[in-house]
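Undergrad: I would like to see how this sequence folds:
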Amino acid sequence: MFRLTFDITTRYSVINRSNKTWNYALRVERYCSTSVTKIDQDKCLKITNGQRSNNYYYLWLRDHCRCDKCYNSITAQRKLNIDEIPTDVKVETAGIDNGVLKVTWEGGHESRYPISWLESCLFENYRKLLRREYKLWDGSDVTHASIARVDHDELLKSDARLTDLMRSLVDYGVGFVKNAPVSLEGTETAIRRIGPVQTTFFGGMWEFSDELDHSDTAYTREGLEGHNDNTYFTESAGLQVLHCLHHTGEGGETILIDGFKAASILKERHSDVFDRLSATAVGAEYIEEGQHHVNVSPILKLNPITGEMEQIRFNLNDRAPLVLPQEQIPLHYNDLRVLTKILRDPGLEWKFKLTPGTIMIIDNFRLLHGRKPYTGSRKMCGCYMGRTDFLSKARVLKILQK
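TA: Residues are numbered from 1 along each chain as shown. A predicted model of the protein is given here:
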């Protein structure tokens with residue numbers, strides 16, 4: 001058993017320019033001590049930093065060594081294999097110097113860990129980083145929302161405009177590009193600022209009209225109730241892009257619904273239904289000549305760490321035969337009706353007409369989309385984009401941390 005203690009003094013200034021009754025500059029001195037102690041029968045280090053105290057197992061620390069022998073900092077990949085670490089790995093010495101934990105392991109290997117980095121890896125802190133500050137909306141809220149409508153030419157040359165668009169997608173689940181070329185090629189050039197196109201059996205970039213090119217109601221003039229796409233894929237599209245190239249008739253208004261808003265209403269009013277729909281896996285299916293896609297998953301998918309909504313998979317048309325234990329079937333139909341009633345509330349809907357030159361991008365994990373029936377001739381283009389590429393770009397732009 002050993003204990004090492006270091007006193008650390010931090011000085012900083014707080015500047016207040018708005019409240020003249022306060023001092024213009026306030027200097028605060030904060031004193032804290034940082035200590036390291038072996039605990040848990042010499043299996044764990046306890047680090048006390050001021051009033052915070054956290055434990056780190058030797059095995060975890062050794063696995064997370066970031067020296068050149070154990071970690072490639074250029075590729076951000078590990079080099080040390082877990083089976084190379086003894087299960088009873090021991091610490092010879094440990095100390096803290098200038099905010100860095102220094103460990104010498106039995107056998108002489110040395111590791112360095114910034115205390116701030118160690119704290120960022122704690123479960124509670126990591127869970128905070130994963131939490132999303134979604135801005136939920138309904139049909140009345142959306143008129144006051146800061147949903148991005150970025151100019152096409154500015155998007156192509158400005159990372160600031162790209163960030164505006166991406167932040168809107170993260171916050172609200174939707175964003176628009178205006179003054180875009182009215183073509184499939186122009187649409188693709190714009191959306192590739194976000195990331196690559198996701199290729200499916202529909203193609204990469206696609207065009208569709210009322211000609212029944214696929215066994216899908218979208219390829220008709222009929223109205224479509226709010227739904228999510230690709231519920232039958234094991235990897236549903238993260239984003240969906242739609243651009244109206246021309247329409248000579250009437251109708252066809254787009255309908256958007258914030259599925260996470262609907263889920264929050266469900267949880268508040270019917271928590272038992274929410275719990276069951278987030279735990280019960282049901283199938284979705286797509287069949288046409290040469291294609292047969294099946295996915296089985298809960299309609300409401302929660303993040304396994306935060307417990308927050310991560311995806312809504314709602315598409316009544318693409319439901320596979322319901323296969324559940326017999327005693328669960330009546331209750332599931334009831335639960336599905338309850339959710340459907342909330343999603344069909346006109347107050348949750350945002351209706352508007354897509355026009356040539358305006359590209360709409362929606363978060364397919366969050367928003368349901370539909371349309372009113374239409375007359376005349378209408379041609380749309382668009383594509384899907386992968387969820388992982390979308391989230392990666394959001395992290396690169398510092399919109400998300402994890």
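
Undergrad: can you give the domain ranges for the chain?
TA: 3-121, 141-396 (automatic domain parsing).

Undergrad: pLDDT (mean, whole number) over the longest one?
TA: Mean pLDDT, domain 141-396: 95.

Undergrad: how far off centre is it?
TA: 14 Å (Cα atoms, centre = their mean, to the nearest Å).

Undergrad: okay, the domains of the chain in TSV with mean neighbour count next?
TA: Every C-beta, even on glycine, is put in place using the N, C-alpha and C of the backbone. Below are these laid out as TSV (neighbours: other Cβ atoms under 10 Å):
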stretch	mean neighbour count
domain 3-121	13
domain 141-396	17
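
Undergrad: and the ones you listed: which comes nearest residue 132?
TA: Residue 132 lies closest to domain 141-396 among these, at 6.4 Å (Cβ to Cβ).

Undergrad: quick check: end-to-end length of the closest one?
TA: End-to-end span of domain 141-396 (Cα to Cα, to the nearest Å): 29 Å.

Undergrad: residues in contact with stretch 370-382?
TA: The contact list for stretch 370-382 (Cβ atoms under 8 Å, 6 or more residues apart in numbering) reads 183-184, 187, 205-210, 221-227, 240-255, 257, 351.

Undergrad: ok, stretch 92-111 next?
TA: 4, 6, 8, 34-36, 38, 45, 47, 61-62, 65-67, 69-70, 89-91, 112-116, 118.

Undergrad: and stretch 82-92, average pLDDT?
TA: 94.

Undergrad: distance between the ends of that stretch?
TA: 20 Å.

Undergrad: if I pick the nearest residue to residue 266 once chain neighbours are set aside, what's in contact with it?
TA: Nearest residue to residue 266, sequence neighbours excluded (Cβ to Cβ, 6 or more residues apart in numbering): residue 274, at 4.9 Å. With contacts defined as Cβ under 8 Å, 6+ apart, residue 274 is in contact with 263, 266, 267, 300.

Undergrad: just checking, which helix or strand succeeds the helix or strand residue 36 falls within along the chain?
TA: Element membership for residue 36 (DSSP states H and E) is strand 25-39. Remark: after strand 25-39, the chain's next helix or strand is strand 44-49, criterion DSSP H and E.

Undergrad: relative to that next one, what are the paired strands and their orientations?
TA: strand 25-39 (antiparallel), strand 52-57 (antiparallel) (DSSP bridges).

Undergrad: comparing these, which gets the lowest mean pLDDT score?
TA: Among the strands paired with strand 44-49, strand 25-39 has the lowest mean pLDDT, at a mean of 55.

Undergrad: looking at the contacts of stretch 92-111, which are in helices?
TA: 61, 62, 115, 116, 118 (DSSP state H).

Undergrad: what's the most distant pair in these?
TA: Comparing every pair within the ones in helices among the contacts of stretch 92-111 by Cβ to Cβ identifies 62 and 116 as the most remote, at 19.8 Å.

Undergrad: now the strands for the stretch 101-250 of the chain?
TA: Counting by DSSP state E, counting those that start in this stretch, one finds strands in the stretch 101-250 of the chain at the ranges 110-114, 149-151, 174-178, 197-198, 206-208, 224-227, 239-247.

Undergrad: wait, which of these is closest to residue 338?
TA: In terms of Cβ to Cβ, the element of the strands of the stretch 101-250 of the chain nearest to residue 338 is strand 224-227, at 15.7 Å.

Undergrad: what does that closest one contact?
TA: Contact with strand 224-227 is made by 217-218, 255-257, 314-318, 343-344, 349, 368-371, as judged by Cβ under 8 Å, 6+ apart.

Undergrad: of the strands of the stretch 101-250 of the chain, which approaches residue 330 most closely?
TA: When the strands of the stretch 101-250 of the chain are compared by Cβ to Cβ, strand 224-227 sits nearest residue 330, at 23.5 Å.

Undergrad: list the pairing partners of that closest one within its sheet, with orientation.
TA: strand 367-371 (antiparallel).

Undergrad: using CSV, write out every CA atom in the partner strand.
TA: Coordinates of each C-alpha in strand 367-371 appear next as CSV, following Å, rounded to 0.1, in the frame of the first residue of the first chain:
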residue,chain,number,x,y,z
LEU,A,367,-38.2,11.5,-39.1
LEU,A,368,-41.1,9.9,-40.7
HIS,A,369,-41.9,11.2,-44.2
GLY,A,370,-45.0,10.8,-46.4
ARG,A,371,-46.9,12.7,-49.1
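
Undergrad: and the next helix or strand past that strand?
TA: Counting by DSSP H and E, the next helix or strand C-terminal to strand 367-371 is strand 378-385.

Undergrad: what angle separates whatever helix or strand comes next after that following strand from strand 239-247?
TA: Counting by DSSP H and E, the next helix or strand C-terminal to strand 378-385 is helix 387-396. Angle of helix 387-396 versus strand 239-247, following axes from the mean of the first three to the mean of the last three Cα atoms, to 10 degrees, is 100 degrees.

Undergrad: and helix 387-396 with strand 378-385, angle?
TA: Using the same axes, to 10 degrees: helix 387-396 against strand 378-385 is 70 degrees.

Undergrad: helices and strands around helix 387-396, which ones?
TA: If you count contacts as 3 or more Cβ pairs under 8 Å, 6 or more residues apart in numbering; DSSP states H and E, helix 387-396 packs onto helix 159-172.

Undergrad: now tell me what touches the helix it packs on from outside.
TA: Helix 159-172 is contacted from outside by 132-135, 137, 142, 145-148, 150-151, 154-155, 174-175, 177, 193-194, 239, 258, 361, 363, 390, 393-394, 397, 399-400, using Cβ under 8 Å, 6+ apart.
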